[in-house]
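[1] When you get a sec, could you give me coordinates for this:
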Amino acid sequence: MRNDHLSNVPSCHQEIVTLDNVSYSYGSQQVLSGVDFVARERDFIGLIGSNGAGKTTLLRMIVGLIKPVSGEIRLFGTPMSRFKDWQLIGYVPQRNHFNPLFPATVREVVLSGLYGRRKLFKRMTKEDHIRAEDALNTMKIRDLAEKRIGELSGGQQQRVFLARALINNPKLLILDEPMSGIDTETQNNFFNLLLHMHNRHNITFLMVSHDMEMVRSYLGETPKSTSGKLSFHVRHSHDLEDCVETDLLHSLRKEG
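    Sure, this is the predicted structure:
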């Protein structure tokens with residue numbers, strides 16, 4: 001259930017992620033210092049920065065894997081310390097964080113997207129399995145369902161991880177270098193899928209990328225905001241149907 005205060009926020013103007021003077025250090029090494037930024041509903045944010053600028057660290061803080069040393073992160077208007085609606089957030093981490101020998105099938109990986117903090121020890125329901133089938137079909141990987149994830153190409157793996165992230169119909173999708181290590185054609189197809197979702201659906205994107213040309217082609221040359229070594233390139237989309245709520249997987253299948 002979404003927090004009660006969300007219904008009072010004007011459509012397409014709600015603050016999805018708020019970074020208020022956020023800092024982080026690994027021991028004595030400061031990685032991020034005083035980061036301020038607001039991501040609003042249906043923004044597409046490209047986060048660009050040099051190696052060591054703290055891009056992945058920032059994403060890991062936003063999804064609750066690590067805590068800032070100082071400052072505050074608010075998700076959907078709620079301080080992270082009180083935030084409980086983690087199913088609203090989909091996360092696609094870097095592929096190099098994934099063990100290719102992990103003994104799981106594609107279907108099992110996609111289903112694992114439902115193992116939220118509230119559902120970790122609950123049995124999967126019939127509806128959960130139907131949801132997984134929807135995700136597999138939407139990402140056009142149904143024929144790979146019984147294959148081990150490590151047997152797939154880089155592009156196929158990214159579709160699996162995206163299906164896993166979409167299974168909860170998230171309102172915020174966070175992607176860390178999703179096109180790293182895949183061929184140019186697959187990169188273009190994957191990026192075009194993200195752009196289609198942004199233009200048609202009520203979802204906010206936060207993506208880290210080293211492909212500055214691809215990001216800037218959609219989000220523009222000039223960042224909306226900078227903080228330290230980080231640049232936030234932003235494009236907002238709310239022209240169609242004024243952000244009508246839809247089931248993302250079902251509507252993507254119809255559009256596809």
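[2] where do the strands sit along this structure?
    Here the chain has its strands, by DSSP state E, at 15-26, 29-40, 43-48, 70-75, 78-79, 89-92, 172-176, 204-208, 225-227, 230-236.
[3] Just the C-alpha atoms of the last one, please, in PDB.
    The C-alpha atoms that make up strand 230-236 are tabulated as PDB, following Å, rounded to 0.1, in the frame of the first residue of the first chain:
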ATOM      1  CA  LEU A 230      28.400  14.200 -10.500                       C
ATOM      2  CA  SER A 231      26.200  15.600 -13.300                       C
ATOM      3  CA  PHE A 232      22.400  15.000 -13.400                       C
ATOM      4  CA  HIS A 233      20.900  15.200 -16.900                       C
ATOM      5  CA  VAL A 234      17.100  15.300 -16.700                       C
ATOM      6  CA  ARG A 235      14.200  15.000 -19.100                       C
ATOM      7  CA  HIS A 236      10.600  15.100 -17.900                       C
END
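[4] Sheet partners, orientation included, of that strand?
    Here strand 230-236 is paired, per DSSP bridges, with strand 43-48 (antiparallel), strand 225-227 (antiparallel).
[5] Make CSV out of those strands and add mean neighbour count and mean pLDDT.
    C-beta coordinates here come from the backbone N, C-alpha and C atoms, glycine included. Putting the strands paired with strand 230-236 into CSV (neighbours: other Cβ atoms under 10 Å; pLDDT from 0 to 100) gives the following:
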stretch, mean neighbour count, mean pLDDT
strand 43-48, 24, 94
strand 225-227, 16, 91
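[6] could those be laid out in a markdown table, adding distance to Val110?
    Shown next, in a markdown table, are the strands paired with strand 230-236 (distance: least, Cβ to Cβ, whole Å):
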| stretch | distance to Val110 |
| --- | --- |
| strand 43-48 | 24 |
| strand 225-227 | 34 |
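[7] looking at these, which is closest to Gly181?
    Nearest to Gly181, of all those, is strand 43-48, at 18.3 Å by Cβ to Cβ.
[8] List every C-alpha atom in the closest one, with coordinates, as PDB.
    Presented in PDB, the C-alpha positions along strand 43-48 are these (Å, rounded to 0.1, in the frame of the first residue of the first chain):
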ATOM      1  CA  ASP A  43      11.800  12.300 -14.800                       C
ATOM      2  CA  PHE A  44      14.400  10.400 -16.700                       C
ATOM      3  CA  ILE A  45      17.700  11.200 -15.000                       C
ATOM      4  CA  GLY A  46      21.100  10.300 -16.500                       C
ATOM      5  CA  LEU A  47      23.800  10.300 -13.800                       C
ATOM      6  CA  ILE A  48      27.200  10.900 -15.300                       C
END
